[in-house]
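>>> Would you be able to build a 3D model of this:
(2 chains, ligands or ions: 2)
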Amino acid sequence: MRSPQFSSFVILIVLLVVFGVADSNFLSPLNISNMMAFLPELGIIALGMTLLLTAGEFDLSVGAVFGLAPVVVMLLVQNAGVDIGVALLAGLLLCIVIGAINGVIVTKIGISSFLVTLSMLLIVRGAALYITQGFPLKSWDQPGFFVTLLAGSFNVGSFRFYTSLWWFIGLSLLAVYVLRYAKLGNWISAIGSNRNAAVARGVPADAVKIWLFILTSVLAGLAGMISAFRISAASPVAGTGYELEVIAMVVVGGTALTGGRGTILGTIVGALMLRAIRNGIVLVGVPGLAYNIFVGVIILAMLILHALLQKNAARS
Amino acid sequence: MMQEVLRLQNLQKSFGSVRALKSASLTLKEGEVVALLGDNGAGKSTLIKAISGVFPIDRGDIYVRGEKVSIRSTREAMDLGIETIHQDTSLAPDLSIARNLFLGREPVNLKWLGVLAPLDLAKLRNAASALLKRVGISKKLDADALVSTLSGGERQSIAISRAMQFAAKVIILDEPTNNLGVEETHGVLRFVKEMREAGHSVLLITHNIHHVFEVADRIIVMRRGEIVAEQTVADTDLLTVESLITGADLSALMKRAQ
Ligand SMILES: Nc1ncnc2c1ncn2[C@@H]1O[C@H](COP(=O)(O)OP(=O)(O)O)[C@@H](O)[C@H]1O
Ligand SMILES: [Mg+2]
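Numbering: from 1, shown residues only, chains lettered A, B, ... in the order given. Ligands and ions are numbered 1, 2, ... in the order given. Model prediction:
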């Protein structure tokens, strides 16, 4: 039980208890509902990022894609009169293209994913700002199939949950299955652990990586659409800084930044933890401008803990 | 008469302006251990990477059991019965022994699911344990242990047993005893002998000439991208082989010194 996801889980429980004791509102139905509304949006991206990191790459353009995808969808609907379903499909197609470009440049030209996706972040964010002239768009808010599908809500007792929670749960289960039990998961871990070894065994490493870049991009776009539908607004600056928050969730959960070792359960714990921290420190009265100090300190503490645990495991 | 398993004819390979392989021809027979010798940069690794599908050759022909083949990927080489243990480690340290043994050829259920098919974990484990038992390292090693927890020699044993399991016709070892301790080195050499007895053909690259005389039947020497000599072990001696590798006539030097 020295596994990184387990120690993260223990810390999560400690945090929940501390925040719960410090402020009785923290565990109130309203606050929990609030946290659960935000959680899936970053959590869904974190699932893709976990698989990508396990294969030894990462994607800094997810926050920008989160912003661009819904903006493109709404522009198509509002300015070009495209049907909402078709527009959503076009938005996802755009994400596929962005992910494929990232993947192909990283694998076939051999530039590090840091540089490629950093450039892509600028391109995508720039595109979102340019096509909207910097103004947020009103998002689709007529009730209907797609709103229910992406941002519908339902009550359980005094809790109010969004359908996005189902998306997160479903995609989490799928990701656990793929990474742990499927042939593909074996390949992903092997590629991140020792790419040459995987290739020597006939594993199509480049193709796997390209598909993971596409998946991560699509999940980022999907999360952006969910968010835009939930708040009925598509902002070109939505998702700014999410790339780092998502990577923090993933590594706090115990996935190795260097590849080879990934854990979806850890990522779920990490996503819950960062959500609880962001929410909890507001409630306990940390001044708004000081949030990031606390978030940073807690992330750093988690990473130090993982490193120490791993050192111990290696010694024994 | 022993049957020919692998024949290479005038293989050529350049990296930009570097002619790593100028023209290499060799034959490997059934149940034969051939040692491939040569200084660093002679082109040994390039030659075996070409055979194992790591990169395509520029020119030349490859025959497997007399039939001309083209090897365009590592998968095609494996399917032809050519298993390679590369110089740079061929295992993924973060995966278990069992998962490494079957990497790229995982036993699965529901095959129609393609890459999303679930691993047959029971079969994976059992086959891995059986294999470890067969190569005589089951006492020490658990099939679920991570490769990162193993010693260099244990890793080499795993890589070698992986090559044995798919009934490979040709097993290629690129400097398998580098960085190994005395005991581990003997383990590797024992494997090579066992494989020959089981009828596999082995192409062994090494810098240790003593090992060559211990396990090899035939010696092939490369220098600057070309095969410069070929001798049966029974008909040669250490000094001759050393001078063939360096290109200097050592025996003449020795005589002059006397
Ligand atoms: N991927 C590569 N790109 C460029 N040059 C290479 C590559 N691989 C090998 N070489 C060059 O080819 C020559 C032969 O190398 P190699 O086959 O590794 O030699 P050996 O294994 O006999 O020590 C060397 O000059 C080496 O620098
Ligand atoms: Mg070499």
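
>>> Only C-alpha atoms from now on, for both contacts and neighbour counts.
Fine.

>>> What residues does chain A have near chain B?
Residues of chain A lying near chain B by C-alpha under 8 Å from any C-alpha of the partner chain: A:178, A:181-184, A:186-187, A:189-191, A:193-203, A:260-261, A:314.

>>> same thing but at 6 Å, please
Residues of chain A lying close to chain B by C-alpha under 6 Å from any C-alpha of the partner chain are A:181-184, A:190, A:193-194, A:197, A:200-203, A:260.

>>> And the buried ones among those, selectable in PyMOL?
Entered in PyMOL, the line below selects the buried ones among the residues of chain A next to chain B, by 16 or more other C-alpha atoms under 10 Å in any protein chain shown:
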select buried, chain A and resi 181+182+183+184+190+193+194+197+200+201+202+203+260
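
>>> Farthest pair within the residues of chain A next to chain B?
For the residues of chain A next to chain B, the farthest-apart pair by C-alpha to C-alpha is A:181 and A:200; their separation is 22.0 Å.

>>> and residue B:26, backbone torsions?
Dihedral angles of residue B:26 (phi, psi; degrees, to the nearest 10) stand at phi -160, psi 160.

>>> now do residue A:24
phi -70, psi -20.

>>> Check the gap between it and residue A:307 for me.
Residue A:24 sits 34 Å away from residue A:307, going by C-alpha to C-alpha, to the nearest Å.

>>> Who has more neighbours out of those two?
residue A:307 (14 against 11; other C-alpha atoms under 10 Å in any protein chain shown).

>>> And the more buried one, how far from residue B:123?
Residue A:307 is 34 Å from residue B:123, by C-alpha to C-alpha.

>>> so where do the helices sit in chain B?
B:44-51, B:74-79, B:97-101, B:121-134, B:152-165, B:182-197, B:209-215, B:238-246, B:250-257 (DSSP state H).

>>> List of residues touching the second one?
Okay, so that is helix B:74-79. Applying C-alpha atoms under 6 Å, 6 or more residues apart in numbering or on different chains, the external contacts of helix B:74-79 come out as A:200, A:202, B:52-54, B:71.

>>> switch to 7 Å and redo it
For helix B:74-79, the external contacting residues (C-alpha atoms under 7 Å, 6 or more residues apart in numbering or on different chains) are A:200-202, B:52-54, B:71.

>>> Could you do the fifth one as well?
Contacts made with helix B:152-165 from outside it, assessed by C-alpha under 7 Å, 6+ apart, are listed as B:83-85, B:90-91, B:101, B:135, B:147, B:171, B:176, B:180, B:184, B:188.

>>> out of the helices of chain B, which comes closest to residue A:64?
helix B:97-101 (36.9 Å).

>>> list the contacts for the residue of the stretch 151-258 of chain B found nearest ligand 1?
Taking C-alpha to the nearest ligand atom as the measure, the stretch 151-258 of chain B has residue B:225 as its residue closest to ligand 1, at 6.9 Å. Contact analysis of residue B:225 by C-alpha under 7 Å, 6+ apart lists B:19-23, B:42-43.

>>> out of those residues, which are buried?
B:20-23, B:42-43.

>>> Would you point out the most distant pair within the residues you listed?
B:23 and B:42 (12.0 Å).

>>> number of nearby residues for residue 205?
No chain in the question, so chain A it is. Residue A:205: 20 neighbours (other C-alpha under 10 Å).

>>> Let me rephrase: I mean chain B.
24.

>>> what does residue A:154 give?
11.

>>> ok, now the one 4 residues further on?
Using other C-alpha under 10 Å, the number of residues around residue A:158 comes to 10.

>>> quick one, phi psi at it?
Taking degrees, to the nearest 10 as the convention, residue A:158 sits at phi -100, psi 10.

>>> what's the spacing between the residue lying closest to it once chain neighbours are set aside and chain B?
Spatially, and ignoring its direct neighbours in sequence, residue A:158 is nearest to residue A:29 (6.1 Å; C-alpha to C-alpha, 6 or more residues apart in numbering or on different chains). With the distance defined as C-alpha to the nearest C-alpha, to the nearest Å, residue A:29 ends up 38 Å from chain B.

>>> What's the mean pLDDT across the helix or strand harbouring residue A:40?
Residue A:40 belongs to helix A:29-54 when assigned by DSSP states H and E. For helix A:29-54, mean pLDDT rounds to 94.

>>> With stretch B:217-228 instead?
92.

>>> now the end-to-end length of it.
End-to-end for stretch B:217-228, by C-alpha to C-alpha: 18 Å.

>>> do stretch A:24-34 as well
15 Å.

>>> can you pull the buried residues of it?
A:25-27, A:31-34.

>>> same thing with stretch B:197-216?
B:199-207, B:209, B:211-213, B:215-216.

>>> One more: stretch B:239-246?
B:241-242, B:244-245.

>>> now stretch A:153-166
A:153, A:160-165.

>>> Also stretch A:281-293?
Neighbour count says stretch A:281-293 has A:281, A:283-284 buried, by 16+ other C-alpha under 10 Å.

>>> Now do that stretch: distance to the chain's middle.
In terms of C-alpha atoms, centre = their mean, to the nearest Å, the centre of stretch A:281-293 is found 23 Å from the chain centre.

>>> Any chance you could list what contacts it?
By C-alpha under 7 Å, 6+ apart, stretch A:281-293 touches A:22-23, A:26.

>>> Of those, which ones also sit close to ligand 1?
Among the contacts of stretch A:281-293, no residue is within reach of ligand 1 (C-alpha under 6 Å from any ligand atom).

>>> give me the low-pLDDT residue ranges for the stretch 51-200 of chain B?
Residue ranges of the stretch 51-200 of chain B with pLDDT under 70: B:88-89, B:134-140, B:167.

>>> tell me which parts of it are close to chain A?
Within the stretch 51-200 of chain B, the positions adjacent to chain A are B:54, B:74-75, B:90-95, B:103-104, B:106, B:115-119 by C-alpha under 7 Å from any C-alpha of the partner chain.

>>> So which of the residues you listed sit within strands?
Of those, none are assigned to strands by DSSP state E.

>>> Produce a PyMOL select command limited to the buried residues of these.
Only the buried entries of those go into this PyMOL selection, using 16+ other C-alpha under 10 Å:
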select buried, chain B and resi 54+74+75+90+91+92+93+94+95+103+104+106+115+116+117+118+119
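
>>> And for residue B:180, nearest residue in space, chain neighbours not counted?
Closest to residue B:180 by C-alpha to C-alpha, 6+ apart is residue B:153, at 5.7 Å.

>>> Assign the residue of chain A found nearest ligand 1 to one of the three secondary structure states.
Of all residues in chain A, residue A:196 sits closest to ligand 1, at 12.4 Å by C-alpha to the nearest ligand atom. Following DSSP: H, G, I helix; E, B strand; the rest coil, we place residue A:196 in the helix state.

>>> Count residues in the vicinity of it, would you?
By other C-alpha under 10 Å, neighbour count at residue A:196 equals 21.

>>> just the strands in the stretch 1-150 of chain A please.
A:137-138 (DSSP state E, counting those that start in this stretch).

>>> need the helices for it, in chain order.
A:4-22, A:29-54, A:62-80, A:84-104, A:113-132, A:145-151 (DSSP state H, counting those that start in this stretch).

>>> After the last one, which helix or strand is next?
What that stands for is helix A:145-151. As the chain continues past helix A:145-151, the following element, by DSSP H and E, is strand A:153-156.

>>> average pLDDT across that following strand?
pLDDT averaged over strand A:153-156 gives 85.

>>> Just checking: what are the partner strands of the helix or strand following it?
Next helix or strand after strand A:153-156 toward the C-terminus (DSSP H and E): strand A:159-162. Sheet pairing of strand A:159-162 (DSSP bridges) gives strand A:153-156 (antiparallel).
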